[in-house]
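Engineer: structure of the sequence below:
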Amino acid sequence: MTEERYLRQIPVFGEEGQRRIMDAVVGIAGCGGLGVNVVTQLAVAGVSRFILCDPQIPDETNLNRQFVYHSLESVPKVDTLSEWVSSLNPYARIETHHESVTLENGSMFSGCDVIVDCLDNMEGRMVLSDLSESHGIPLVHAGVQDTFGQVAVCIPGRTPSLRGMIGTLPNREGTIPSVGAAVSVIAGMEAMEVLKLLAGMESDAVGSLVTLDMSSWTMESLRFS
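Structural biologist: Numbers count the residues shown, from 1 in each chain. Down below sits the predicted model:
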């Protein structure tokens, strides 16, 4: 992989930071709207080792925001997304798990440098929070509905867990409204936090819940002690 490919971003992350990005192992939980956007940005930025976990196959309601899935054939999302990553980064090594992440199978993420929460339900997010704490692996969280989104970075031993930040929030009932453009904005923020973490850069999102209202472009940050 040539250095010229990353010439525009090395001034941001530094040469050592870029090497750390390229050597990292990233676990992605959820290959829906957030997942396909985040994985795309990480792959083109140089991440070459992914562990993808998602139990679903695409349905028609996914297609307004999950641009990787062009057909509705019964192919698991993890398999299609794996092929997409390989087309973006031919050096990539991808491990896929066509299942929901649980405490029992969570060891799939044990060798990761970061776990990325691209899920759409609180139960799964709390599983990721507990796995992050038990394995000592940083967790980058994002969520989006309507025109509202949020991002947080949790580092075991340094910040509160995701459970400690948002564990009291209820699941939203029914279908969650979702616009592709809004999902891409939040996914871009989430991917940037992953890259900063891998490169060893500091971020104000560490230990904070950053929220963005895209109807008014109002951003707030709630820091947890």
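
Engineer: ok, the residue most central in space within the chain to E16 distance?
Structural biologist: Centre of the chain computed as the mean C-alpha position; nearest residue by C-alpha atoms, centre = their mean is V116, 3.7 Å away. To E16, V116 is 22 Å away according to C-beta to C-beta, to the nearest Å. Placement of C-beta: from N, CA and C, glycine included.

Engineer: quick one: mean pLDDT for stretch 164-182?
Structural biologist: What stretch 164-182 shows for mean pLDDT is 80.

Engineer: please state the offset of that stretch from the chain centre?
Structural biologist: 15 Å (C-alpha atoms, centre = their mean, to the nearest Å).

Engineer: in it, what counts as buried?
Structural biologist: Within stretch 164-182, the residues that qualify as buried are M165, I166, S178, V179, A182, counting by 16 or more other C-beta atoms under 10 Å.

Engineer: and the last one, what element?
Structural biologist: Element membership for A182 (DSSP states H and E) is helix 180-199.

Engineer: tell me the first helix or strand C-terminal of that helix.
Structural biologist: Assigned by DSSP H and E, the successor of helix 180-199 is strand 208-213.

Engineer: just the CA trace of that next one, in PDB.
Structural biologist: The C-alpha trace of strand 208-213 is given here as PDB (Å, rounded to 0.1, in the frame of the first residue of the first chain):
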ATOM      1  CA  SER A 208     -18.600  13.000  26.500                       C
ATOM      2  CA  LEU A 209     -22.000  12.500  24.800                       C
ATOM      3  CA  VAL A 210     -21.900  14.900  21.700                       C
ATOM      4  CA  THR A 211     -25.400  15.600  20.300                       C
ATOM      5  CA  LEU A 212     -26.300  17.200  17.000                       C
ATOM      6  CA  ASP A 213     -29.700  18.500  15.900                       C
END
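
Engineer: next secondary structure after it?
Structural biologist: Downstream of strand 208-213, the first helix or strand assigned by DSSP H and E is strand 218-223.

Engineer: what sits against the nearest residue to R49 once chain neighbours are set aside?
Structural biologist: What sits nearest to R49 in space, not counting adjacent residues and going by C-beta to C-beta, 6 or more residues apart in numbering, is V25, at 4.4 Å. Residues counted as contacts of V25 (C-beta atoms under 8 Å, 6 or more residues apart in numbering) are R49, F50, I51, G111, C112, D113.
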